[in-house]
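**Student:** I'd like to go over a predicted model; first the sequence, then the structure.
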There are 2 protein chains.
Amino acid sequence: MSGLVRKLHVSPVLVGARALSSSSIVYAGNAPSKAHYFVEIPDSSFPKGFQATASHCGVKKKAGVLDLSVILSTSPRNSSAACFTRNVFKAAPVQVSTDVLRLSGGRARALVINSGCANAVTGTQGLQDAWSMVRATDALLPEIEGKKPENETLVLSTGVIGQLLPIQKITNGIADLKASMGTGFKAWELAARAFMTTDTFPKLRARTFKLNGVDVRIAGIDKGAGMIHPNMGPPPGPPHATLLGFIATDAAVSPGSLQSALTYAVDRSFNSISVDGDMSTNDTIIAMANGASGMEKEIDEKADPEAYEVFRDELTSFATELAQLVVRDGEGATKFVTVSVEGAPTYEDAHRIASTISTSALVKCALFGEDANWGRILCAVGYAPVSCVDPTKVSVSFVPSDGSSDLALLVNGEPQAVDEARASQILEKEDLEIRVTLGVGNEGAKYYTCDFSHEYVTINGSYRS
Amino acid sequence: MSGLVRKLHVSPVLVGARALSSSSIVYAGNAPSKAHYFVEIPDSSFPKGFQATASHCGVKKKAGVLDLSVILSTSPRNSSAACFTRNVFKAAPVQVSTDVLRLSGGRARALVINSGCANAVTGTQGLQDAWSMVRATDALLPEIEGKKPENETLVLSTGVIGQLLPIQKITNGIADLKASMGTGFKAWELAARAFMTTDTFPKLRARTFKLNGVDVRIAGIDKGAGMIHPNMGPPPGPPHATLLGFIATDAAVSPGSLQSALTYAVDRSFNSISVDGDMSTNDTIIAMANGASGMEKEIDEKADPEAYEVFRDELTSFATELAQLVVRDGEGATKFVTVSVEGAPTYEDAHRIASTISTSALVKCALFGEDANWGRILCAVGYAPVSCVDPTKVSVSFVPSDGSSDLALLVNGEPQAVDEARASQILEKEDLEIRVTLGVGNEGAKYYTCDFSHEYVTINGSYRS
């Protein structure tokens, strides 16, 4: 009960609440605001040779709300790569972007984004509309060696499934964007805002690092709060989520190596988060590397494996930061939980178990209620689709976010006498790590998840209204 | 929003509610009462040769609340069979019942049940406690041909995971039950009540049918409202859920044929329901057939396949009725939804897709909000773990519960113009069928699920309190 009472206490809008019985709890709504995760970033951290802007073109009903964005690379040596949903019902923008990536030989230079409508399950008209967005955005690109840009734009759409885009408004809107293209923090912020659906803050990060002795910059935006349980692979692999993200760097990386690095990074970041276990028809992460930092040679996995690994690991770390913002802003979320599974025979086994715990409705409700109901964690380990679990070797502990000592709940299959006061101390914090040790190998994986609140139900009981 | 407003209207406890914004909805709790699903049944429908009773022995804190029950067969020719959870963390009663079934050669005659504590993840002490329950209940059984009953009792426990049973209270309680054993509706009702945890009504059904010209009777009890997504198989198969059920008949059936029929029935009934997608450590369904109807020969699958099929199909139909009661009483549920998947290449494909739709948090929230958000249904079909879905051949429709005509939402992958008023008419009813046609085969499967409400979160945020 304490968790529910706590909700009432932190709620900014509290309506005459009195707990009458466990089945008549009054919930006044409002997960805590996450706006403080939107931070200002110096212009110097943003990659050179990229321009961005956004506008309201009318996909969303409310006047002035951003719903359209274009980001493009002005560099002639741009590489691009993508990971797309593995859902069988790939949305039109996913299908079209897969084609564009192939047709451009991994050299697409622009990205167009609309929010408010996912252009998913929209049949042949949906495909035509996505191609119209490609052509309208291609027209904004500068020519390279006198060649008119064609099939150089990747498309992202997010919003309601099963409705057609107001395509005329969108193509008109794209043409109008030419005048407002800009660089730096303010320009990228516009793009991040145009991404948002149920997100409560624009998700934007940037940083710098050294690659082959050169200072390079990386920036990224993403969006997503619900229908989050991505499983994305490189094209033309089978499709899955609505998580959308774009990462740009002014490092020089060959298209093939950019794809390898992105696939590796996405597996360990965006494919390792869950809000509600629902994998969308539109999930897409796009990366571009345009070499505008002045690096002479493109990094190649085979020719220069050391530099490639530095780049891949920086990309993975950056993608993880962006992915975690989505979990922070999970619909109705009040907790940010890291699920670590260690001692597994393979990464895949560890990842599957971490995913199963992160998706359990009962575990997530207990986290919301700040209830140390570790039996539910165990139970989820027990039904994970793996064959490596030996019940007598499993240990489970809570790892507090303040650096204080762990709380052992289960050791080698034997339950521990749990100090409930200490458990409550740990659980009342926003951040928590659940650590599961299998004791049957040396591999591990991390998953990031949030709790399941009344607010989630409220948001998703009336999403289309 | 309409769904949420509706909740407020039906809510028996309404506390000064005014919708301030979508994030400050006031929810006054209380899913509608399900008490009308508990119905009186004539004594003549209950199988002969079974006795039942229950008491409060002190596992549950509140005085007078039933938490212990014994049901036994007084017939010397009793057959028994069981399906157990496939969760790796099999609770002690599951492990012990598996052993008893083997040791008794499928002839166990008694069942002991406690609620309030699941005796799961309780190590060696948990196993010893479950064996103590077996011995205490064996002592209530009449001798057969002068032989002292030994290893003839199956054990069921339900409640919190990771706590030890108060075993002395339980064994004392079992000994005291001898005096109150009875037959017929009132005796069975006691057993059904002792099963309950978050259930809002005791789940008890009975019926009669003809088998080889003889009138036979079948009765059953079950429990479960949360942690419901069973996947049970016959022993010694790998273990999954907390759904518990017991079915007794006075038909005469050999132990092997009773197990075959039960495995078939459980796949199509208890293994085809979901409340929250969490598979418990304790799920168990037990069946007994004692021949007390006067049938001369035990039915055997090989010797008399026709009679076996009649029995198997009656058992499946009866098990489905019991399983549906669990979904009706799902924690916080306001809807009862049948998910039918047709036109699949195999039963397993259809079953997996139906399971994925039934478990989607987004689909279940939309059902709670009475929102015809069929894109979420499609999305779940698209990430189901099968390889048979052709997006251009999938159709989806709502089938109303009042016999009026279906509402097509998607036909061969093309979205239909949906009459939202008609959709609302269908969705505001308690019962609904979602029908998905794959168009790639002739097999089908049904799943039964409920919606996801604020009440579910409330119940599971404070389960241990």
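**Tutor:** Ah, there it is. Numbers count the residues shown, from 1 in each chain, chains lettered A, B, ... in the order given.
**Student:** Next one: residue A:67 from residue A:328, what distance?
**Tutor:** Using CB to CB, to the nearest Å, residue A:67 is found at 23 Å from residue A:328. Yep, even glycine has a C-beta here, placed from its N, CA and C like the rest.
**Student:** So those two - more neighbours on which side?
**Tutor:** For residue A:67 versus residue A:328, neighbours defined as other CB atoms under 10 Å in any protein chain shown are more numerous around residue A:67 (29 against 21).
**Student:** Pull the contacting residues for that one.
**Tutor:** A:55, A:56, A:57, A:58, A:59, A:60, A:114, A:115, A:116, A:194 (CB atoms under 8 Å, 6 or more residues apart in numbering or on different chains).
**Student:** now the strands for the stretch 51-200 of chain A?
**Tutor:** A:68-73, A:79-85, A:110-117, A:153-160 (DSSP state E, counting those that start in this stretch).
**Student:** would you list those strands in a markdown table and tack on mean neighbour count and mean pLDDT?
**Tutor:** Converted to a markdown table, the strands of the stretch 51-200 of chain A look like this (neighbours: other CB atoms under 10 Å in any protein chain shown; pLDDT from 0 to 100):
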| stretch | mean neighbour count | mean pLDDT |
| --- | --- | --- |
| strand A:68-73 | 28 | 97 |
| strand A:79-85 | 28 | 93 |
| strand A:110-117 | 27 | 95 |
| strand A:153-160 | 26 | 92 |
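**Student:** Mind checking these for the one nearest to chain B?
**Tutor:** strand A:153-160 (6.6 Å; CB to the nearest CB).
**Student:** Help me see whether the closest one makes contact with chain B, please.
**Tutor:** Yes - judged by CB under 8 Å from any CB of the partner chain, strand A:153-160 and chain B are in contact via residue A:160.
**Student:** C-alpha coordinates for that strand, CSV please?
**Tutor:** This file holds the C-alpha atoms of strand A:153-160, laid out as CSV (Å, rounded to 0.1, in the frame of the first residue of the first chain):
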residue,chain,number,x,y,z
THR,A,153,16.0,10.2,-48.2
LEU,A,154,15.1,7.9,-45.4
VAL,A,155,11.6,8.1,-43.9
LEU,A,156,10.3,7.8,-40.4
SER,A,157,6.7,8.0,-39.3
THR,A,158,5.1,7.6,-35.8
GLY,A,159,1.6,7.8,-34.4
VAL,A,160,-1.7,5.9,-34.9
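**Student:** what's the angle between it and strand A:68-73?
**Tutor:** On the basis of axes from the mean of the first three to the mean of the last three CA atoms, to 10 degrees, strand A:153-160 is oriented at 150 degrees to strand A:68-73.
**Student:** packing partners for strand A:153-160?
**Tutor:** Here strand A:153-160 touches helix A:92-103, strand A:110-117, helix A:123-138, strand A:244-249, strand A:284-289, going by 3 or more CB pairs under 8 Å, 6 or more residues apart in numbering or on different chains; DSSP states H and E.
**Student:** export those to TSV and tack on distance to residue B:149?
**Tutor:** Formatted as TSV, these follow (distance: least, CB to CB, whole Å):
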stretch	distance to residue B:149
helix A:92-103	64
strand A:110-117	69
helix A:123-138	67
strand A:244-249	65
strand A:284-289	64
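**Student:** Which one of those lies nearest to residue B:311?
**Tutor:** Closest of the helices and strands packed on strand A:153-160 to residue B:311 is helix A:123-138, at 48.8 Å (criterion: CB to CB).
**Student:** which parts of that closest one are buried?
**Tutor:** Judged by neighbour count using 16 or more other CB atoms under 10 Å in any protein chain shown, the buried positions of helix A:123-138 are A:123, A:126, A:127, A:129, A:130, A:131, A:132, A:133, A:134, A:136, A:137, A:138.
**Student:** okay, which residue is most central for chain A?
**Tutor:** Most central in chain A under CA atoms, centre = their mean is residue A:323, positioned 4.0 Å from the mean C-alpha point.
**Student:** when you scan the host helix or strand of that one, is anything in it near chain B?
**Tutor:** Assigned by DSSP states H and E, residue A:323 belongs to helix A:305-328. No - using CB under 8 Å from any CB, helix A:305-328 never reaches chain B; the gap is at least 15.0 Å.
**Student:** quick check: angle from that helix to strand A:284-289?
**Tutor:** Angle, helix A:305-328 to strand A:284-289, by the same axes, to 10 degrees: 140 degrees.
**Student:** quick one: buried residues of the helix or strand just after helix A:305-328?
**Tutor:** Using DSSP H and E, the helix or strand that follows helix A:305-328 towards the C-terminus is strand A:336-344. Residues of strand A:336-344 classed as buried by neighbour count (16+ other CB under 10 Å): A:336, A:337, A:338, A:339, A:340, A:341, A:342, A:343, A:344.
**Student:** re the thing from before, do you know which of the strands of the stretch 51-200 of chain A lies nearest residue A:285?
**Tutor:** Here strand A:79-85 is closest among those (CB to CB), at 4.9 Å.
**Student:** Tell me which strands that closest one pairs with, and in which orientation.
**Tutor:** strand A:232-233 (antiparallel), strand A:284-289 (antiparallel) (DSSP bridges).
**Student:** Determine which of those shows the lowest mean per-residue pLDDT.
**Tutor:** Lowest mean pLDDT within these: strand A:232-233, a mean of 70.
**Student:** Counting neighbours, what do you get for residue A:143?
**Tutor:** Neighbours of residue A:143 using other CB under 10 Å come to 9.
**Student:** so who does the residue nearest to it when sequence neighbours are not counted touch?
**Tutor:** Leaving out its chain neighbours, the residue that sits closest to residue A:143 by CB to CB, 6 or more residues apart in numbering or on different chains is residue A:149, at 6.6 Å. By CB under 8 Å, 6+ apart, residue A:149 lies in contact with A:109, A:138, A:139, A:141, A:142, A:143.
**Student:** can you list these in CSV and add pLDDT?
**Tutor:** Shown next, in CSV, are the contacts of residue A:149 (pLDDT from 0 to 100):
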residue, pLDDT
A:109, 96
A:138, 98
A:139, 97
A:141, 96
A:142, 93
A:143, 92
